Structure formats: C-alpha cells, structure tokens
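>>> No sequence on hand, only this structure:
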C-alpha cells in the first residue's frame, strides 16, 4: 500500500507515503505527512519524476532546450506579447512572475518538467497560497514555455503532461450578520470618531455596505460622494499613485449608499472639505499619498482581524459578505439593515 495511516506514540496520526527508486532494487523512499492529501501529492510528484527519467529524448531537442534560461524566455515573451497586455493583466501576473524569476530564473528550460511544476505548486501550498493562485503562477510558466515552443525557439516542450490542481469551491468566504456587527463594533472602538485613523473604520464600513472591490475603494474620490440619494456610482479603480483605469467590468455601476455612511464620510472629511480637495481620492495616507493595498492588508487589516478574534477572511471577502447579506435582505430577511451598522 503506497499510503499508510500511522498512529504515533503520542496518539497523533501521520500518513506515510512509500515508493521505490527506479532501477535500484528494493531501495525505498518514505515520507510522513500530517494530511493524507499531502502524502498523495508527494507520491504523484515522485511518480512524475520517475516517468520523466524513463522518457526518451532527442539529443538535438535537449541541446536546444538546455541552451536557454527561463529568464531569457520570459524576457522574449514580454517583448513580443507585452504590448497586448492591459494594466490589469500586468498587475495580476507581476507577483507570480517575480517569484518564479527569483526561484528558477536561471534554470534552463529543460528543468521545467511536470515534476518540477508539481513541486513548485506544493511549495506555494505550504505558503498557504490559494489553489487558484497556485494554478495561475504555474500557468504563467507553461504559457511562457509554450510560446517559445510555438515560436520554434526550442525544439521540445518539457511542460507537456502537467495537469492543473483542482480549485476548491470553498475559496469564497464571508461573514454572517453577527460577525459583521462584531467587527464593526471592534474597529469603531479602535478607531474612534475624531481620530486621525477614523478613515480605516470608514473604509471597512464602505466595503461592507457597497460590496466594492478594493481597488475601486482606493480609486473613489471625494467628488463621488452624492449629496443625496441611496446609490453611489463606481466608475474607476486605482492602479496606485495617481493612475486609474475603468472598473474590472469596464462599465460603471451603482451600489448602495446609506445616509449613515454619508454622515460618517462627511464627519471624517469635515476639516478639509474645500473645493480644491474634491478631486483627490477619499482614502489617502496621512502625508496625502496613495495607499498601497498590499501594505494596508499586511499591516492593518490582518492585524485588525486577528485582534477582533473573528474567522480569518481576505479583504476581498468583505465584498462577498456585502453581496451575500444584501441577497439575504432581498429574499425577505428584514433583520439586516446597513444603517444598523453605524454608531
């Protein structure tokens, strides 16, 4: 049996994966894991390595592939295809491309076999990156190498045979109404009205009321706050600094905007509502520079979630929460009203 359940003396359970080295008699390899799925993934990776070792190769193809590094092919791909990419696509691929370049940039293309890609995905899993992110990063590698193969820069495609991991449907998380109220009560006390950090509370409140995406919140301007009505228009997203572009769907849309949220924002801005300030973004740092979302998430949001003691969810899941609670309200559950979230 390749995977065996092991009960340790301290009563903990481990899963032992066992396989044999090719061509070495009875020599075995054994590894133990806390989860059965990790043991299975290790075996799958090891079997891929064994199959790759047995595959016949063309001397000419091997020579051509060995002669170029991943960095060289990535540079060629960006040079030829980069002009077709949108700013949004660059923003999505840059973290993955930088990670791959740092880890494997100097590797010859021939080393990017299905086995290596599988191990790369396991490493990302251990770093608690989502299945979707794992697939996106690996897909970037295969896309670059496939492009080089189609352009006949290499005579063999070492990535053939790699299969993506299955993406879990449990990626989307959200809070229920009680958790939302608990969180807003906590941040209301942590960032009280009149303090210089009250904008953080207002940001969370706006995210949970409107369901806007993070970059849409960072791109929202003071001039976008309506003087009356119960809707606001979302028409842009921030690219950082003073750069903006259309929303993800390219079209503007209207989202809920309560009287309580309007009052909170005006209270936050009461000391600086001047005509020349209306065209700046609503949320800026204390030195009036654009806020970096990744930095905000790492230094503020995650800390607030931890201190509050709630289930850990991503900042993007605040959008899922807003949409879910609004859907419940639309279906007739009148217990949830956004104005009840204000203090």
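Here it is on my side, so go on. Values in this document were obtained by computation on a predicted structure and should not be read as measured data.
>>> going forward, measure contacts and count neighbours with C-alpha atoms only.
Will do.
>>> Return the residues in contact with residue 16.
By CA atoms under 8 Å, 6 or more residues apart in numbering, the residues touching residue 16 are 2-6, 30-33, 39.
>>> Which of the residues you listed fall within strands?
Counting by DSSP state E, the contacts of residue 16 place 3-6, 30-33 in strands.
>>> sorry, back to before: a markdown table please, covering the contacts of residue 16 and showing pLDDT, neighbour count and distance to residue 109.
What follows is the contacts of residue 16, written out as a markdown table (pLDDT from 0 to 100; neighbours: other CA atoms under 10 Å; distance: CA to CA, whole Å):
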| residue | pLDDT | neighbour count | distance to residue 109 |
| --- | --- | --- | --- |
| 2 | 75 | 12 | 31 |
| 3 | 83 | 17 | 33 |
| 4 | 84 | 14 | 36 |
| 5 | 85 | 14 | 38 |
| 6 | 85 | 15 | 39 |
| 30 | 76 | 13 | 29 |
| 31 | 76 | 14 | 29 |
| 32 | 79 | 19 | 31 |
| 33 | 77 | 17 | 31 |
| 39 | 76 | 23 | 28 |
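>>> want to throw those residues into a markdown table with distance to residue 320?
Output for these, formatted as a markdown table (distance: CA to CA, whole Å):
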| residue | distance to residue 320 |
| --- | --- |
| 2 | 41 |
| 3 | 38 |
| 4 | 40 |
| 5 | 38 |
| 6 | 40 |
| 30 | 42 |
| 31 | 39 |
| 32 | 37 |
| 33 | 33 |
| 39 | 33 |
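>>> For residue 129, state which of the ones in strands among the contacts of residue 16 is nearest.
residue 33 (18.7 Å; CA to CA).
>>> contacting residues for the residue nearest to the closest one when sequence neighbours are not counted?
By the measure of CA to CA, 6 or more residues apart in numbering, the closest residue to residue 33 outside its immediate chain neighbours is residue 15, 5.1 Å from it. Taking CA under 8 Å, 6+ apart, we find residue 15 in contact with 3-6, 32-36, 39.
>>> secondary structure element for the closest residue in space to residue 36 that isn't next to it in sequence?
In space, and not counting its chain neighbours, residue 36 is closest to residue 15: 5.6 Å by CA to CA, 6+ apart. Under the criterion of DSSP states H and E, residue 15 resides in strand 13-20.
>>> Alright, calling it a day.
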